[in-house]
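Trainee: What follows is a protein structure lacking sequence information:
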């Protein structure tokens, strides 16, 4: 009896040390441990809010700037990315709104494309919409509209430069032995530039789902004028802003966290040849209801100064409304009929920038009183 009992105990002891059972238990434990670790990592990575909103489909080549940064004080990941600060300045400008960051000019060259992380407008459309011939395609609502804006600004500079180089040989060939000098990009006094700025998704408003670019309203007005976009509605009291022209549209409204927010849309074909506004600094004044004349003093601080609002000063003509145009005609010693002409609702006239805040550009050049 004792021998049998000892044998049974011995068998039970060997069963407890069965290697198959031990390996199975170890495998199950490892699977559980890996699952727990994966769940913890997933929770940490999911704390990186906005990472998917900074993808290539949204930001184009700018998506390469996105990264996760772990904040040890909060035990979570923070999403950081770069987006441009867009402004207008002369090509000689060395100071931008972002300190200690190089200024990148939009000049329509391959080098500028690489630095500004953009594509030609045609390549952008092909890549996004996969267009084939005249096939009807849908709009890409995922794309941040400032990416499309930069592409069309690059194409604007390239197309206008190519058109300008063809004109001397086409219309008025130079005499033999003479070379025609063409005003290049460096001779412009009004160009589009940008600086990349680092941002965090933590500072994004909750109802904004795409990274945004920043600019100022004055620079946006100048860019719209350069692209041939005319303001149809500019109502600050109602917060409604809409501009159309040359196959583009800008629409804006007030945002409680960001201020004015604009979106850029493509509505048709565009052209930048003989119809393009000359990229000179005077466009700034023309967009805001003023036009410089031959009586203006040219100096280096001109860009930083506001036009003189003195009605008797003919260095700048006040043309921001029909009443201001009529008063300007009086100051130019025009007769009453000429001044009243702009106050008649049934009269028609043509402006460089149509709309209520239009400009009569002929008066800005020829200050000849109408008798």
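Mentor: Received, thanks. Source: prediction; values computed, not measured.
Trainee: C-alpha only now, for contacts and for neighbours.
Mentor: Fine.
Trainee: so where do the strands sit in the stretch 151-300 of the chain?
Mentor: With strands called from DSSP state E, counting those that start in this stretch, the stretch 151-300 of the chain shows them at 191-200, 230-235, 240-245, 248-255, 259-266, 290-292.
Trainee: Could you pull out the helices in the stretch 51-200 of the chain for me?
Mentor: For the stretch 51-200 of the chain, applying DSSP state H, counting those that start in this stretch gives helices covering 56-59, 110-116, 121-129, 145-171.
Trainee: which of those has the lowest average pLDDT?
Mentor: Within those, confidence is poorest for helix 121-129, with a mean of 70 (mean pLDDT).
Trainee: remind me which residues of this structure are low pLDDT?
Mentor: Of all residues in the chain, those with pLDDT under 70 make up the ranges 1-17, 41-48, 125-140, 168-180, 288-289, 294, 296-313, 320, 347-371.
Trainee: Which among the helices of the stretch 51-200 of the chain is found nearest to residue 220?
Mentor: Residue 220 lies closest, by C-alpha to C-alpha, to one member of these: helix 145-171, at 11.4 Å.
Trainee: before we move on, back to that, in CSV, list the helices of the stretch 51-200 of the chain along with distance to residue 291 and mean neighbour count.
Mentor: As requested, these are exported to CSV (distance: least, C-alpha to C-alpha, whole Å; neighbours: other C-alpha atoms under 10 Å):
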stretch, distance to residue 291, mean neighbour count
helix 56-59, 38, 20
helix 110-116, 32, 15
helix 121-129, 32, 14
helix 145-171, 24, 18
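Trainee: Could you dump those helices into a markdown table with distance to residue 36 added?
Mentor: Supplementary listing: the helices of the stretch 51-200 of the chain in a markdown table, determined by distance: least, C-alpha to C-alpha, whole Å:
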| stretch | distance to residue 36 |
| --- | --- |
| helix 56-59 | 31 |
| helix 110-116 | 43 |
| helix 121-129 | 40 |
| helix 145-171 | 41 |
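Trainee: Select, out of the ones you listed, the one closest to residue 321.
Mentor: helix 145-171 (29.6 Å).
Trainee: Redo the strands of the stretch 151-300 of the chain as a markdown table? Include distance to residue 319 and mean neighbour count.
Mentor: Converted to a markdown table, the strands of the stretch 151-300 of the chain look like this (distance: least, C-alpha to C-alpha, whole Å; neighbours: other C-alpha under 10 Å):
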| stretch | distance to residue 319 | mean neighbour count |
| --- | --- | --- |
| strand 191-200 | 24 | 20 |
| strand 230-235 | 15 | 18 |
| strand 240-245 | 19 | 18 |
| strand 248-255 | 23 | 18 |
| strand 259-266 | 25 | 16 |
| strand 290-292 | 5 | 25 |
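Trainee: To residue 62, which of the ones you listed lies closest?
Mentor: So among those, strand 191-200 is nearest, using C-alpha to C-alpha, at 9.5 Å.
Trainee: what's the closest one packed up against?
Mentor: For strand 191-200, the contact count by 3 or more C-alpha pairs under 8 Å, 6 or more residues apart in numbering; DSSP states H and E identifies strand 76-89, strand 104-105 as packing neighbours.
Trainee: Could you dump those into TSV with distance to residue 29 and mean neighbour count added?
Mentor: As requested, these are arranged in TSV below (distance: least, C-alpha to C-alpha, whole Å; neighbours: other C-alpha under 10 Å):
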stretch	distance to residue 29	mean neighbour count
strand 76-89	27	21
strand 104-105	56	21
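Trainee: Would you mind saying which of those lies nearest residue 207?
Mentor: Each of the helices and strands packed on strand 191-200 was scored for nearness to residue 207 using C-alpha to C-alpha, and the closest is strand 76-89 (16.9 Å).
Trainee: Give me the residue at the spatial middle of this structure.
Mentor: In the chain, the C-alpha closest to the average C-alpha coordinate belongs to residue 146, at a distance of 3.5 Å (C-alpha atoms, centre = their mean).
Trainee: Thought residue 148 was touching residue 58, still the case?
Mentor: No - the pair residue 58 / residue 148 is not scored as a contact, 10.4 Å apart, by C-alpha atoms under 8 Å.
Trainee: C-terminal to the helix or strand containing residue 325, what's the next element?
Mentor: Counting by DSSP states H and E, the secondary-structure element that holds residue 325 is helix 322-331. Heading C-terminal from helix 322-331, the first helix or strand you meet, by DSSP H and E, is helix 336-341.
Trainee: I'd like to know which elements that following helix is packed against.
Mentor: Against helix 336-341 (3+ C-alpha pairs under 8 Å, 6+ apart) you get helix 322-331.
Trainee: List the buried residues in the helix it packs on.
Mentor: For helix 322-331, burial by neighbour count (16 or more other C-alpha atoms under 10 Å) applies to 322, 324, 325, 326, 327, 328, 329, 330, 331.
Trainee: Can you name every helix or strand that it contacts?
Mentor: Under the contact criterion of 3+ C-alpha pairs under 8 Å, 6+ apart, helix 322-331 touches strand 316-318, helix 336-341.
Trainee: how far away is residue 340 from residue 271?
Mentor: Taking C-alpha to C-alpha, to the nearest Å as the criterion, residue 340 is separated from residue 271 by 36 Å.
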